[in-house]
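What would the 3D arrangement of this be:
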Amino acid sequence: MKITNDFSLGPYMTFDQSKELPFHCWFWYKEGFSPELVKWAINKERKRPERLLDPFCGVGTSLLVAKENGIFAAGVDASDLAAFVSKAKTRNYSSRDIETAKEFSASIFAESRPPAPLQWEFELFDPSKAFPKRNLNDILFLRERIEYLEPGSRSLLLLALLSVLPQASLIIKDGGVLKISKEKSAMPVKDAFRRKVKRMVADLESSADNIAPEPEVFLGDARSMGLPDASEDIIVTSPPYLNNIDYSKIYGMELSLLAMSKAAAEEVRMRSVRSFIGRKMRVQEMPVEVGEIGERIPIIGTYFADMEGAIKEMHRVLVPGAAAYVNVSNSVIHDTHVLVDEIFADMAQRIGFNEVEIVVGAERIADVKPQKVRTRESVVIMRK
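A predicted model of the protein is given here:
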């Protein structure tokens, strides 16, 4: 196993650079990475890939970069929300879709509005406690009206609505916890929604002549993707970090409004890699590379058991000579420093990858009382 440092990659391992980029900025996703990391991976390949796969596609960063570069792409994610956002961001919208979105945004709030008949439930708390009354009424009104539109404009406007929920709410996302704060200032839905639609339309109109094949996005499991053997030229992905954060809760408000189902988050959890406490902690076949910490701290064992399945699936679908670029972060769980990148690399070698390299992009300080631990974020390159 080869370990090298390239700290120029550090800024690419966060979503910060995507905040102002066309299309990438349509949905804020703190746990995402920068498109520059995808470009770096593509440029490292020995020949230009024709097909790119992201088995944990999140909000579609890899897929967007592939589309922008004329590379056919496919993405898989366990979350209905992530799959929807990825599809919406990478869709080819017609001029009619764009005009409908503009007209809808300009005129919708002028309508007379009886109370929307929708019942919105969220598993953690009642949405009525998370939004000012006017904002909640506007959200439900928009959600109902958007449903009647044609698929393209519906996708565009529904993404705009989902993306402004944090701004329009009294919710604070504090690490892995959602909190309601009466002190928070909630932006009026009308203003936030119109501003978001305006930005999305501007991005589309500025790229109207640059139409490329849409990536395929599947709701599914990275451990069993249903793709043909040796079909993918490159994989660029970032699986859930071993950080005890349940993303189905952190983005549960958006997920529940998308699905209009209180049960949606639990369904996502059943498909997801077990990176947080709360999922079935019993380890049936723990990878040998994990060692005693997997038995002592079950979340560690189940995480690597699930990721072993995902790495095996990556090996199966890659063409010989192609590589998977996997962005990971080492973790501190219950005072135990877990070298995630090295365990991934060791598993990859056992599974059958011919070349494995760890490129360290950043070193960070984990403030784990009573001590601070220096840990790292890396890209594990696994070449078949």
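
right, and Arg364 touches Val373 too?
No. The pair Arg364 and Val373 does not pass the contact test of Cβ atoms under 8 Å, sitting 9.4 Å apart. (C-beta placed from N, C-alpha, C; glycine too.)

neighbours around Pro114, how many?
Per other Cβ atoms under 10 Å, the neighbour tally for Pro114 reads 7.

from now on call the first residue 10
Noted, 10 is the first residue going forward, which turns the last one into Pro123.

show me the contacts for it.
Residues near Pro123 by Cβ atoms under 8 Å, 6 or more residues apart in numbering: none.

Please confirm that it is located within a helix.
No. Counting by DSSP: H, G, I helix; E, B strand; the rest coil, Pro123 is located in no helix; its state is coil.

Which pLDDT value goes with it?
pLDDT recorded at Pro123 is 72.

how much space is there between it and Tyr256?
With distances taken as Cβ to Cβ, to the nearest Å, Pro123 is found 36 Å from Tyr256.

again, but for Val94
13 Å.

And for Glu304?
In terms of Cβ to Cβ, Glu304 sits 26 Å off from Tyr256.

more crowded one of these two?
Neighbour count, other Cβ under 10 Å: between Glu304 and Tyr256, Tyr256 has more, with 25 against 12.

where does the more buried one land on pLDDT?
Per-residue pLDDT puts Tyr256 at 77.

Ser88 now?
At Ser88, pLDDT is 92.

Wait, it touches Ser257, no?
Yes. Look at Ser88 against Ser257 with Cβ under 8 Å: they come within range, at 6.8 Å.

Which one of those two is surrounded by more residues?
For Ser88 versus Ser257, the count of surrounding residues by other Cβ under 10 Å is larger for Ser88: 27 against 24.

which SS class is the closest residue to the more buried one other than its chain neighbours?
Of all residues not flanking Ser88 in the chain, Val277 sits nearest, at 5.0 Å (Cβ to Cβ, 6 or more residues apart in numbering). The three-state label given to Val277 by three-state DSSP is helix.

burial of Val277, as a residue count?
24.

And Ser116, by the same measure?
Per other Cβ under 10 Å, the neighbour tally for Ser116 reads 9.

Would you mark the buried spots in the host helix or strand of it?
Ser116 belongs to helix 104-116 when elements are defined using DSSP states H and E. By 16 or more other Cβ atoms under 10 Å, the buried positions in helix 104-116 come out as Asp106, Ile107, Thr109, Ala110, Phe113, Ser114.

ok, now stretch 33-40?
So, applying 16+ other Cβ under 10 Å, buried residues of stretch 33-40: His33, Cys34, Trp35, Phe36, Tyr38, Glu40.

gap between the first one and Gly303?
The span separating His33 from Gly303 equals 36 Å under the rule Cβ to Cβ.

For the stretch 210-359 of the chain, just list every one of the strands.
Secondary structure of the stretch 210-359 of the chain (DSSP state E, counting those that start in this stretch): strands at 225-228, 241-246, 327-338, 340-342, 345-347.

Can you lay out the ones you listed as CSV showing mean pLDDT and mean neighbour count?
Shown next, in CSV, are the strands of the stretch 210-359 of the chain (pLDDT from 0 to 100; neighbours: other Cβ atoms under 10 Å):
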stretch, mean pLDDT, mean neighbour count
strand 225-228, 95, 18
strand 241-246, 98, 26
strand 327-338, 97, 21
strand 340-342, 88, 18
strand 345-347, 91, 17
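
of those strands, which approaches Ala357 most closely?
strand 327-338 (8.1 Å; Cβ to Cβ).

and Ser270, what does it touch?
Glu130.

go with 10 Å
Applying Cβ atoms under 10 Å, 6 or more residues apart in numbering to Ser270 gives the contacts Asp89, Trp129, Glu130, Phe131, Glu132, Leu264, Glu276.

contacting residues around Leu61?
Going by Cβ under 10 Å, 6+ apart, Leu61 touches 47, 50-51, 71-72, 74-76, 78, 80-84, 224, 241-246.

Please work out the average pLDDT along the longest helix anywhere in the chain.
Of all the segments of type helix in the chain, defined by DSSP state H, the longest one is helix 307-326. Helix 307-326 shows a mean pLDDT of 93.

Repeat that for stretch 205-216.
96.

cool, and stretch 66-74?
The average pLDDT for stretch 66-74 rounds to 97.

and the contacts of Leu61, which are buried?
47, 50-51, 71-72, 74-76, 80-84, 224, 241-246.

Take those and keep only those in helices.
Val47, Ala50, Ile51, Ser71, Leu72, Val74, Ala75, Lys76.

The residues you listed: which two are farthest apart?
Spanning the widest gap among those are Ala50 and Lys76, at 15.4 Å by Cβ to Cβ.

pLDDT weak spots in this structure?
124, 218-219, 253, 279-293, 377-379 (pLDDT under 70).
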